[in-house]
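Engineer: Got a predicted model here, sequence first, then my questions.
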Amino acid sequence: MDLTEHFQRVGLSLFVAFKALSINETPVACILVSKKSSKVISIGYNDTNRSLNGTRHAEFIAIDYILDNVEDTFPVDDLILYVTVEPCIMCASALKQVGIQCVVYGCGNDRFGGNGTVLSLHENNYGIIPGILRTEAIQLLRNFYIQENESAPDPKIKKNKELENKLYPEMDYGKYMNESEFIKIYGLERLNSTYINKKEITPVIGKGYRVSDLVSLDDVMGMPGLENMYSRDKKCSGPMTREAVAQDLDSFYRMFYAVDDEGDVTFGTHIKIIGSENKIEFIKEGSDRDTNEVKEPIENGVEKKRRKLSNEGHLH
Ligand SMILES: [Zn+2]
């Protein structure tokens, strides 16, 4: 079963989350896509810091955008939500009321997840497809937390070490669905690798990927509402021009480790991180290679080891 389209769409949400990070918001974001037209109808990102309102979650922003800008679309019975982090209980409940058809998300929300982790508010209401770009969603959150705790004398080195050594929690799909539900969504071929052995899901079975394979400049430019984020981003890119977005995309691609054919994260590829002044910097030696070269065969088992990260998908 080819999941490339889901990856591309969560990839767009991931880019919005990346922009949220550069305007000092928690990097959690979503897009709403019309099932019938396959078009992105709206985007949303965590807006709690600017608004000083703890309920301004990405999902609410995306729904409000439709209410304000898209006429005759409500009730939205053909919308699919693609979001980087599992919706919280409040949002999961709101999505039910809105009549969402399906929620595709990256990492679980350990404290507040309303789509399978803490509560399962989708049951008998809408479908869920978890685990799409899961480690990438966590990597963005890690950047946010490190940025928050900026006090070390040499934060750059500390940051890099922290990112490399933290471990990913495994996703236990059995908690979210039974085997036959899993097979229906992800395909029988992934049962062994992901449901049982808890490897990361890749868009195409048995093939690794990089985020740069999934998110294109044209797709990013085509998202409605993104210019509002650019006008908020005074320090970085300024207005939303094609050049500014291309530049951001380049930084965005370099933030993430590639995932190999077996579903393991390839640590040791280069990475960029956002520093205390919202600047994107290279951290690793030799990290400025062309993004096309990111995916390299792993020489030995050392870098290929699956790492674990303490639960950081919780701030939502
Ligand atoms: Zn929420």
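Structural biologist: All right, it came through fine. Numbering: from 1, shown residues only.
Engineer: next one: phi and psi at residue 113?
Structural biologist: phi -60, psi 130 (degrees, to the nearest 10).
Engineer: do stretch 84-104 and the ion meet?
Structural biologist: Yes. Stretch 84-104 is in contact with the ion by C-beta under 5 Å from the ion, via 88, 91. In short, each C-beta sits where N, CA and C put it, glycine included.
Engineer: What mean pLDDT does that stretch get?
Structural biologist: What stretch 84-104 shows for mean pLDDT is 95.
Engineer: Assess the claim that residue 55 and residue 89 are in contact.
Structural biologist: No. Residue 55 lies out of contact with residue 89 (C-beta atoms under 8 Å); the separation is 11.8 Å.
Engineer: Compare neighbour counts for those two and give me the winner.
Structural biologist: residue 89 (17 against 12; other C-beta atoms under 10 Å).
Engineer: Next one: the more buried one from residue 51, what distance?
Structural biologist: 20 Å (C-beta to C-beta, to the nearest Å).
Engineer: cool, residue 247 as well?
Structural biologist: 28 Å.
Engineer: One more: residue 123?
Structural biologist: For residue 123 relative to residue 51 (C-beta to C-beta), the value is 31 Å.
Engineer: Show me the strands in the protein, by range?
Structural biologist: With DSSP state E applied, the chain shows strands at 29-34, 40-45, 79-85, 102-107, 127-129, 272-274, 280-282, listed in chain order.
Engineer: thought residue 201 was touching residue 190?
Structural biologist: Yes. Between residue 201 and residue 190 there is a contact under C-beta under 8 Å: 6.5 Å.
Engineer: got any ranges where this structure has weak pLDDT?
Structural biologist: Counting by pLDDT under 70, the ranges of the chain that qualify are 71-76, 148-167, 234-238, 268-316.
Engineer: Could you pull out the buried residues of the longest helix anywhere in it?
Structural biologist: Longest helix in the chain, counting residues (DSSP state H): helix 4-22. For helix 4-22, a neighbour-count test (16 or more other C-beta atoms under 10 Å) marks 6-22 as buried.
Engineer: Give the closest residue to the residue in the stretch 151-300 of the chain that the ion sits nearest to in space, chain neighbours not counted.
Structural biologist: The nearest approach of the stretch 151-300 of the chain to the ion comes at residue 176, 17.7 Å away (C-beta to the ion). Nearest non-adjacent residue to residue 176, counting by C-beta to C-beta, 6 or more residues apart in numbering: residue 116, 4.0 Å away.
Engineer: Contact partners for that neighbour?
Structural biologist: Neighbouring residues of residue 116 by C-beta atoms under 8 Å, 6 or more residues apart in numbering: 86, 108, 122, 128, 130, 175-177.
Engineer: again, but for residue 43
Structural biologist: 12-13, 16, 29-32, 61-62, 65, 223-226.
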